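# Quick one: sequence and predicted model below, then my questions.
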Amino acid sequence: MTAKTAPPVALLSAPAADGPTAQDAARELAREAGDIARRTTEQIARVVVGAEAVTEQLLTAMLAGGHVLLEGVPGVAKTTLSKVFSKLLGCKYQRVQFTPDLMPSDVTGTSVFDRNTNDFVLRQGPIFCQVLLADEINRAPAKTQSALLEAMQEGQVTVDGQTITLPKPFLVLATQNPIEQEGVYRLPEAQLDRFLLRVEMGYPGFDHEVRMLQLHGGPPADPGPMFTPELILALQAKLPTIFGTDALYRYIVELAEVSRAHPDVSLGASPRASLALLRCARARAALKGRHYFTHEDVQAVAYGVLGHRVILRPEAEIEGRTTADVVREILANVRVITTV
């Protein structure tokens, strides 16, 4: 018997006739996002057990309009989770399996000669979608990975001198294996910086793995779409209305500056990272049902935002230091200012 799928999420309230204020829009987003977070987590739990924290980060990136890099050893359901989340978004999605022989044109497309018109026409690649699943992205060389740079940053693709705008919303869900694995390449810094969040997926807990075996003993669940592209764009448009004090803006910038001066860091957080911290903190607050964000929201998203942007010095890596250690020290060294 096939499990019932959840109906698409609708906007929970309509704006007033004379136009809502920013605070009204923020409260409306908080109500909508809180309900979305609950229902999405329930749907994903029917397929992937114990992924509540990862689901929250995926929703954070969706609200903030950014891309996600899922990292973990093979077999921890990175691809399965990405596929389920893509289906829930209700958007057109494509999957690309990155391999060492994959060419940039295999992702973006290329011009082919049309005998009927005696002219070259563009054959679009899989990147022309709304959700792109880039599976095992670090198994392809840097040249192929760079084919995503323009698309991820500007939402467009240039092929043979022709620039084409990608459909909105556009989200890249990429999975990668740890760099210690065989046959993988290190992602370039410019590529890493374009991912809003890096999410680490580890092994499930004992009880979660037992539940996984029980769950997969029956017919597989097939959750239907809960979102629409129009709903996602509407939610993203309201995100800047989530309120934050001037002290919070200064706190974010201080985190970035301290990362750049850290003795174990060769490349600290960029201004793009500061913007990412702001967007993710706002999105997390909305998912928690709040129309304002706090220092705790910034701290909660700091590991996902800064962990892949902070590049350690070789000496620190030899000593066994990790970016998580550095981010933890950065958070500890920046004083929380509560006054505006």
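Structure's in. What do you need? These numbers were taken from a predicted model, which means no experiment stands behind them.

# Model confidence score at the residue nearest to the spatial centre of the chain, please.
By CA atoms, centre = their mean, the chain has its centre lying nearest to residue 68, at 2.6 Å. pLDDT, residue 68: 94.

# Hmm, it is touching residue 55, no?
No: in this structure residue 68 lies outside contact range of residue 55 using CB atoms under 8 Å: 11.3 Å. Bear in mind the C-beta positions are built from the backbone N, C-alpha and C, glycine included.

# and the strand or helix carrying residue 281, which residues are buried?
Using DSSP states H and E, residue 281 sits within helix 271-287. By 16 or more other CB atoms under 10 Å, the buried positions in helix 271-287 come out as 273-287.

# And that helix, what does it pack against?
For helix 271-287, the helices and strands in contact under the criterion 3 or more CB pairs under 8 Å, 6 or more residues apart in numbering; DSSP states H and E are helix 22-45, helix 52-64, helix 246-261, helix 295-306.

# so which of these gets nearest residue 143?
When the helices and strands packed on helix 271-287 are compared by CB to CB, helix 52-64 sits nearest residue 143, at 26.0 Å.

# Export only the CA atoms of that closest one, formatted as CSV.
Written as CSV, here are the backbone C-alpha positions of helix 52-64 (Å, rounded to 0.1, in the frame of the first residue of the first chain):
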residue,chain,number,x,y,z
GLU,A,52,16.5,16.2,11.6
ALA,A,53,19.6,18.4,12.1
VAL,A,54,20.6,18.1,8.4
THR,A,55,17.0,18.7,7.3
GLU,A,56,17.0,22.0,9.3
GLN,A,57,20.2,23.1,7.5
LEU,A,58,18.8,22.2,4.1
LEU,A,59,15.7,24.3,4.9
THR,A,60,17.9,27.1,6.1
ALA,A,61,19.8,27.1,2.8
MET,A,62,16.5,27.0,0.8
LEU,A,63,15.1,30.0,2.7
ALA,A,64,18.4,31.9,2.3
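
# re earlier: arrange the helices and strands packed on helix 271-287 in JSON lines, one row each, with mean neighbour count, distance to residue 185 and mean pLDDT as further columns.
Output for the helices and strands packed on helix 271-287, formatted as JSON lines (neighbours: other CB atoms under 10 Å; distance: least, CB to CB, whole Å; pLDDT from 0 to 100):
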{"stretch": "helix 22-45", "mean neighbour count": "19", "distance to residue 185": "30", "mean pLDDT": "87"}
{"stretch": "helix 52-64", "mean neighbour count": "23", "distance to residue 185": "23", "mean pLDDT": "92"}
{"stretch": "helix 246-261", "mean neighbour count": "17", "distance to residue 185": "25", "mean pLDDT": "94"}
{"stretch": "helix 295-306", "mean neighbour count": "22", "distance to residue 185": "22", "mean pLDDT": "94"}
